[in-house]
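**Student:** A predicted structure for the sequence below; I have some questions about it.
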Amino acid sequence: MGEPVNITIPDRLLIGGAWVPAASGAAEPVRSPWDGHVVGEVAVAGAPDVQAALAAAERGAIVWRETPAFARMDVLSRAAALVEQRVADIARVLSAENGKTITEARGEVGRAADMIRLAGYEGTQLYGDTLPLDANRGTGRDKLGFTVRQPCGVVVAITPFNYPSLLVLHKVAPALAAGNAVVLKPARTTPLTALLLAQVFLDAGLPDGVLNVLTGPGASLGDALVSDPRVRKISFTGSTATGRRIASLAGVKKLSLELGASCPVVVLPDADIEAAAAAVALGGYVNAGQVCISVQRVITHPRINGDFLDALVPKVAAIRVGDPAAETSQMGTLITAGEAERVHSAIRSATAQGASVLTGGTLDGATVSPAVIAGVDPDSPLAQEELFGPAVAVSTAPDWAAAIAQANGTGYGLGAGIFTSDVSGAVRAVRDIDAGVIHVNWTPLWRADLMPYGGLKASGIGKEGFRSAVEEMTEVKTVILHGRPW
């Protein structure tokens, strides 16, 4: 179970600057997926709590909108300093509730301070544009036009379980930096990290109602939040199916939807095979493959397929799976035993269709050992549907056109990678692959927090990354000053 946590975990809802029980009094435990021990307890919000949180956010939005950008940045800077002091304790909670290794948890929470600072800075850089109105025929030089940005108002942020710190901050920090109030709904399986981060912002001096947190069932709380007309912006990370539901319920609102993926990596004959195999062995299994930009598919040329598998399989087989709290563990659990069974079933289905498991794929409670599956039909569910687990499907393509067709051959378009030593091949891949982020000589599993990040097709709409996200958290006004004709 690891080291003891030296931090008090809030066990209530955050509404209007106060930690309060759910109106119903309901609460539930949060359990470790590794051994089932109770990590903490949280309130189970209901409809009255949604109404209270939105009302508090409306009040908070008025106060925060009138707060100058430098003062907002001061609050975020204090929050960044506080979270730096609490990294070790927050990481232990994150690892325990999520099942990722303590090493990965420290890395995730270790990014938090810089993320908050980046967001705070971008919130002070909301420039407008001047408009060349005299370029419009019939308009003279008696008018000036420009644009200004203002906060959306009330933002709803709905976050998934796989990165309970990183993905909360990719939504909450830019929303706050831009002057909005937020109602945060974290994943039901991993709410504790979000509550600890919320306490950081409170301790930094965030005004009452500017950040509110509701824990409990995603379906009922989410539907109530996204359909409410007081909400002007929704930022969601999760499944494509849920994203479609949000879009159908939201009405006229700004949406950022970071949805599903089946990320491909193309390995061309001129690639550095050892480098490609090492990158895939990392990029397919971080966080037990529960990453939307995890490597799910590798597409190789038949001439080098055998060499690539010979290089990849020993690296994957050597990944140490174990207690997430142990320093020696390289991979922990999936989020639940049910998710592990789903991934295991997907692997078995692929083998029933003729694919071969070269290593891994063994089910043990909430863990699935890291798997490499060769000879996968590109049209099979293992390639077409998001797996979100520790397995990589390897297929072959006889030429460039076939490889690109396979890479683009799913409904998703979040991330992609290509390995080649040919600049022409790299340029062509950038032009031809339909993905929001394309990596040359690396896998999709790499993200700088400041870069624009988001997908094409069913992988979503909108961009994260702090400059992009701050802009997404604002609305633009056009202003025209009319003078007398000269």
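**Tutor:** Looks like it came in fine.
**Student:** Which stretches in the stretch 251-400 of the chain count as helices?
**Tutor:** Assigned by DSSP state H, counting those that start in this stretch, the stretch 251-400 of the chain shows helices spanning 273-283, 302-317, 337-352, 381-384, 400-407.
**Student:** Now do the first one, average pLDDT.
**Tutor:** In this model, helix 273-283 carries a mean pLDDT of 98.
**Student:** Against which helices or strands is it packed?
**Tutor:** Helix 273-283 makes packing contacts with strand 263-267, strand 295-300, helix 302-317, strand 415-419 when contacts are defined by 3 or more C-beta pairs under 8 Å, 6 or more residues apart in numbering; DSSP states H and E. For every residue, glycine as well, the C-beta is placed using N, CA and C.
**Student:** In CSV, list the ones you listed along with mean pLDDT and distance to residue 188.
**Tutor:** Formatted as CSV, the helices and strands packed on helix 273-283 follow (pLDDT from 0 to 100; distance: least, C-beta to C-beta, whole Å):
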stretch, mean pLDDT, distance to residue 188
strand 263-267, 98, 26
strand 295-300, 98, 25
helix 302-317, 98, 31
strand 415-419, 98, 26
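**Student:** Residue 124 is nearest to which of the helices of the stretch 251-400 of the chain?
**Tutor:** Residue 124 lies closest to helix 273-283 among the helices of the stretch 251-400 of the chain, at 34.8 Å (C-beta to C-beta).
**Student:** picking that back up, in CSV, list the helices and strands packed on helix 273-283 along with distance to residue 486 and mean neighbour count.
**Tutor:** Formatted as CSV, the helices and strands packed on helix 273-283 follow (distance: least, C-beta to C-beta, whole Å; neighbours: other C-beta atoms under 10 Å):
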stretch, distance to residue 486, mean neighbour count
strand 263-267, 58, 29
strand 295-300, 63, 28
helix 302-317, 71, 17
strand 415-419, 54, 29
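**Student:** ok, residue 421 - contacts?
**Tutor:** Counting by C-beta atoms under 8 Å, 6 or more residues apart in numbering, residue 421 touches 270-272.
**Student:** before we move on, back to that, so which of the helices of the stretch 251-400 of the chain gets nearest residue 217?
**Tutor:** Closest to residue 217 of the helices of the stretch 251-400 of the chain is helix 337-352 (C-beta to C-beta; 16.2 Å).
**Student:** Give me the contacts around that closest one.
**Tutor:** Outside helix 337-352, the residues that touch it by C-beta under 8 Å, 6+ apart are 33, 289, 333-334, 357, 361, 363, 365-368, 371, 373, 376, 380-382, 385, 387-391, 393.
**Student:** thinking again about what came up before, which of the contacts of residue 421 tops the neighbour count?
**Tutor:** When neighbours are counted by other C-beta atoms under 10 Å, residue 271 leads the contacts of residue 421 with 22 neighbours.
**Student:** so it touches residue 422, yeah?
**Tutor:** No - using C-beta atoms under 8 Å, residue 271 makes no contact with residue 422, being 9.1 Å away.
**Student:** wait, isn't residue 168 in contact with residue 186?
**Tutor:** Yes - at 6.4 Å, residue 168 counts as touching residue 186 under the criterion of C-beta under 8 Å.
**Student:** Next, show the common contact partners of the two.
**Tutor:** Residues touching both residue 168 and residue 186 (C-beta under 8 Å, 6+ apart): 159, 193-194.
**Student:** what's the closest of those to residue 215?
**Tutor:** Of all the shared contacts of residue 168 and residue 186, residue 194 has the smallest distance to residue 215: 7.9 Å, by C-beta to C-beta.
**Student:** so what's residue 77 up against?
**Tutor:** Here residue 77 is in contact with 116-117, 120 (C-beta under 8 Å, 6+ apart).
**Student:** List just the nearest of those residues to residue 464.
**Tutor:** So of the contacts of residue 77, ranked by how close each gets to residue 464 (C-beta to C-beta), first place is residue 116, at 14.7 Å.
**Student:** So the closest one is in contact with residue 80, correct?
**Tutor:** Yes - applying C-beta under 8 Å, one finds residue 116 in contact with residue 80, separated by 4.2 Å.
**Student:** Just put the contacts of residue 77 in CSV and tack on secondary structure, pLDDT and distance to residue 76.
**Tutor:** Formatted as CSV, the contacts of residue 77 follow (DSSP: H, G, I helix; E, B strand; the rest coil; pLDDT from 0 to 100; distance: C-beta to C-beta, whole Å):
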residue, secondary structure, pLDDT, distance to residue 76
116, helix, 98, 5
117, helix, 98, 7
120, helix, 98, 3
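**Student:** Please list only the buried members of these.
**Tutor:** The neighbour count (16 or more other C-beta atoms under 10 Å) marks 116-117, 120 as buried among the contacts of residue 77.
**Student:** I would like the residues contacting the longest helix seen in the chain, please.
**Tutor:** Counting by DSSP state H, the longest helix found in the chain is helix 47-65. The set of residues external to helix 47-65 that reach it, using C-beta under 8 Å, 6+ apart, is 13, 15-17, 22-24, 43, 45, 72, 150-151, 153-154, 176, 179-183, 207-212, 214, 216, 220-221, 224-225, 228, 230-231.
**Student:** Can you report phi and psi for the residue nearest to residue 43 when sequence neighbours are not counted?
**Tutor:** Closest residue to residue 43 apart from its sequence neighbours, by C-beta to C-beta, 6 or more residues apart in numbering: residue 22 at 4.1 Å. Backbone geometry at residue 22, expressed as degrees, to the nearest 10, gives phi -60, psi 150.
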